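Engineer: no sequence on hand, only this structure:
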């Protein structure tokens, strides 16, 4: 139930500007959450759940992921 698009920012500079791409990979989830750089599956899952308003997965704590993601400014 996840739809993903991969965009080559050199070919779509307007999208790169719109999403303020300064590094790759850049993941944007529902235009709410932005992650720059490679992250673990656990971090990606937590951020996906955050984007859709679900609670964080059982057994996971904020401390485990501290400093590994980039919040939207």
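Structural biologist: Everything's here; your move. Quick caveat: nothing in here was measured; it's all calculated off a predicted structure.
Engineer: give the burial count for the closest residue to residue 19 other than its chain neighbours, as a bare number.
Structural biologist: The shortest distance from residue 19 to any residue that is not its chain neighbour, by CB to CB, 6 or more residues apart in numbering, is 5.6 Å, and that residue is residue 28. C-beta: built from backbone N, CA, C; applies to glycine. Residues contacting residue 28 under the criterion other CB atoms under 10 Å number 19.
Engineer: need the contact partners of the host helix or strand of residue 28.
Structural biologist: For residue 28, the enclosing helix or strand under DSSP states H and E is strand 26-29. Outside of strand 26-29, the residues that reach it under the criterion CB atoms under 8 Å, 6 or more residues apart in numbering are 9, 19, 33, 34, 35, 36, 39, 44, 47, 48, 51.
Engineer: chain center to stretch 35-47: distance?
Structural biologist: Mean C-alpha position of stretch 35-47 versus that of the full chain (CA atoms, centre = their mean, to the nearest Å) differs by 6 Å.
Engineer: check stretch 9-27 too.
Structural biologist: Computed by CA atoms, centre = their mean, the separation of stretch 9-27 from the middle of its chain amounts to 13 Å.
Engineer: so for it, mean pLDDT?
Structural biologist: Across stretch 9-27, the average pLDDT comes to 93.
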